[in-house]
Every structure is written in C-alpha cells, then in structure tokens.
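Asks: 3D, please:
(one chain, ligands or ions: 1)
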Amino acid sequence: MRALEGKVAAITGSARGIGKAIAVLFAKEGAKVVVSDVDDEAGKRTAEEIRGIGCEAIYVHCDVSDPRDAEGLVKAALDAFGALDILVNNAGITRDALLVRMKDEDWQRVLSINLTGVFNCTRAAARAMMKRRSGCIINISSVAGIVGNVGQANYSASKAGVIGLTKSAAKELARWGIRVNAIAPGFIMTEMTAKLPEQEREKLLSTIPLGFPGEPEDVAKAALFLASDAARYITGQVIQVDGGIAM
Ligand code: NAP
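Replies: Residues are numbered from 1 along each chain as shown. Next comes the predicted model:
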C-alpha cells in the first residue's frame, strides 16, 4: 500500500521547484493532487505531467496572498475530490537587499506571500479539515528563518513567522486531529537559488557540512514522511533539510 493512498493533497506554488517535486512524489504515493500556482501555464503542465504517469491531478490558480484565492483552492479540492487531507504551504519568493536599502514594497510583498499566504491557506484548509476531524498541514519555512541571512531581512522574518504560525496552529488544531509541521530547507537547487550571483552561491555552498546542495526531491521526501501515517504522533515540529547548515 502506498503511503498516501486515497488522500487529497493541495500544494501551493507547485508549478515548479520544490512544490512540483512534492506534488509528483505525493501523486506517485497515491494522493489525488491539486497543483496550484500563479504561473498558470507551468502549473497546468505540471498537472498534465502527473496525469501522464497515471495519477490524478488538477490545476487551480491560487495567489496565496489573496484570501479569496486561498478559499478557492480549498473549494476546488472539495469539488474535484470530495475532501482535503493535506495542505502544503510551499509558495514563496525572495526580494533580497541589504536592510538599509530594502524598499517598502519588497518588505511587504515577501511578507504578504511567504507569511500571510501561509495564514490565508491554513485558515481556509483548517475550516474544511476541522469538519472531518483530521488533516495535515506542512509549511515550507527556511533555515534563513532560524539563523537569519545577510540581505534577507524580509525573507528571514517571513520564514521565522512561518515557524511561529506552525507552532500556534499545531497547538490550536491538535484537538481536531490536525497536525501542523514545518520543513526548513537549506540550499536546494531550484530557480530560486539559480538566481543567486555566482560568488554568493559559492559562498553558501562552502557552508554546507555535507558538502553538496540539496535537490527538490530531498525536501519532498521529508514532506512525504510528515504527510504519512508514519508521522501520526508528530506535530508542531520543524525538520531541517539542509545538509547540516543550521545544526
Ligand atoms: P521557486 O522555484 O521560485 O518556485 C516557487 C513557485 O511559487 C513558483 O512557481 C512561483 O511562481 C510560485 N509563486 C510565486 N508567488 C506566488 C504566489 N503569490 N502564490 C502562489 N504561488 C506563487 O521556489 P523553490 O525554490 O521551489 O521554493 C519553494 C519554497 O521553498 C519557498 O517557500 C521557498 O522560500 C522555500 N525554500 C527554498 C529554498 C531553496 O534553496 N530553493 C530554501 C529554503 C526554503 P512564479 O514563478 O510565477 O513566481
């Protein structure tokens, strides 16, 4: 029996990168998957790819910073598959700059997607999950939210906020059988890290004790564990998938 047989999972920002890897792995493990993103072309392609390997998937447009889109994401899961068992809050952006040069809009945009977006989707999903007295929410934070990072005051603050939100939500929702955990990835090879200047990438890579960057699938495997019954007694935790950066 596959780990997520018959479950319904919605993953935000899953057109590409870590979110896509989670969507594909969850589908291979038996979940019916709701792929969602703001990049509709890429999102539809990802859902198509998943259907192409014989699994069930739909695509739904969801800008996580808009509470109406968050409600729409949950409704789409219920309409298409009759339930929502797992939510992965993965959508996130960076707008890096040194603190003293950071523009107001770059602070606001990062907070509104990375933190308020997690709140919007968690609130919408929790209402549906509470009715069934079960559910699992996984929030993708970052090691930057644990140890901070030069040039990422907005990003680090948003990701630290996600950890606080994870723990509060875990305490509030436990009585309804809903588990809430976070994953804090380190340096993972995606378009987000490909954007970094070469010098910065080299510097970051040199700080990884295991000596190599992670792949999106490394994060997806941790998410699979948290979503599965193997983690039925785990809530309010942050798992670092970072090659040892922040130990
Ligand atoms: P990515 O390759 O940039 O993919 C992120 C996806 O989210 C993109 O498809 C993006 O669409 C989408 N997105 C952007 N704004 C959105 C919004 N408002 N609503 C919904 N979707 C939106 O990023 P990634 O590297 O896979 O990162 C995924 C998550 O892991 C993020 O939360 C990130 O902070 C976290 N993380 C990543 C790393 C890493 O090393 N890669 C490390 C630690 C944490 P567009 O392309 O159209 O913007």
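
Asks: ok, which stretches of this protein are helices?
Replies: 17-28, 40-52, 67-81, 104-114, 116-132, 144-147, 153-173, 191-194, 198-205, 216-227 (DSSP state H).

Asks: Let me know which of the ones you listed is tucked in deepest.
Replies: helix 17-28 (a mean of 26; mean count of other Cβ atoms under 10 Å). Every C-beta, even on glycine, is put in place using the N, C-alpha and C of the backbone.

Asks: hmm, back to that, same list, the helices of the chain, but as a markdown table with mean pLDDT and distance to Ile93 please.
Replies: Output for the helices of the chain, formatted as a markdown table (pLDDT from 0 to 100; distance: least, Cβ to Cβ, whole Å):
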| stretch | mean pLDDT | distance to Ile93 |
| --- | --- | --- |
| helix 17-28 | 98 | 11 |
| helix 40-52 | 98 | 15 |
| helix 67-81 | 98 | 15 |
| helix 104-114 | 98 | 5 |
| helix 116-132 | 98 | 10 |
| helix 144-147 | 98 | 13 |
| helix 153-173 | 99 | 8 |
| helix 191-194 | 93 | 8 |
| helix 198-205 | 90 | 17 |
| helix 216-227 | 99 | 16 |
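
Asks: residues touching the residue lying closest to Ala230 once chain neighbours are set aside, list them.
Replies: The shortest distance from Ala230 to any non-neighbouring residue, by Cβ to Cβ, 6 or more residues apart in numbering, is to Ala3 (7.4 Å). Residues in contact with Ala3, defined by Cβ atoms under 8 Å, 6 or more residues apart in numbering, are Glu29, Gly30, Leu224, Ala227, Ser228, Asp229, Ala230.

Asks: before we move on, what about Arg51?
Replies: Ala57.

Asks: Against the ligand, how distant is it?
Replies: 19 Å (Cβ to the nearest ligand atom, to the nearest Å).

Asks: when you give positions from now on, start the count at 550
Replies: Okay, residue one is now 550; in that scheme the one you just asked about reads as Arg600.

Asks: hmm, back to that, got a winner among the contacts of Ala552 for most neighbours?
Replies: Ala776 (27 neighbours; other Cβ atoms under 10 Å).

Asks: which ones are touching it?
Replies: Ala552, Leu553, Lys556, Ala558, Phe575, Ala580, Ile635, Val637, Cys685, Ile687.

Asks: Next: Asp618.
Replies: His610, Cys611, Asp612, Asn669.

Asks: what about the first one, how many neighbours?
Replies: When you say that, I think you mean His610. Residues near His610, counting by other Cβ under 10 Å, number 15.

Asks: Not counting its neighbours along the chain, what's nearest it?
Replies: Per Cβ to Cβ, 6+ apart, closest to His610 is Asp589, 5.5 Å.

Asks: Quick test: name the residue nearest the centre of the chain.
Replies: For the chain, the residue nearest the mean C-alpha position is Asn639 (2.0 Å; Cα atoms, centre = their mean).

Asks: from memory it sits against Ala559, does it?
Replies: No - Asn639 is beyond contact range of Ala559, at 10.0 Å (criterion: Cβ atoms under 8 Å).

Asks: still on that earlier bit, need the contacts of Asp618 in a markdown table with distance to Ala564, can you?
Replies: A markdown table is the format used below for the contacts of Asp618 (distance: Cβ to Cβ, whole Å):
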| residue | distance to Ala564 |
| --- | --- |
| His610 | 10 |
| Cys611 | 11 |
| Asp612 | 12 |
| Asn669 | 18 |
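
Asks: residues touching Met678, list them.
Replies: The contact partners of Met678, by Cβ under 8 Å, 6+ apart, come to Leu633, Asp634, Gly684, Ile686, Leu722, Trp725, Ile727.

Asks: what do you get if the cut-off is 6 Å, keeping everything else the same?
Replies: Met678 makes contacts with Gly684, Ile727, as judged by Cβ atoms under 6 Å, 6 or more residues apart in numbering.
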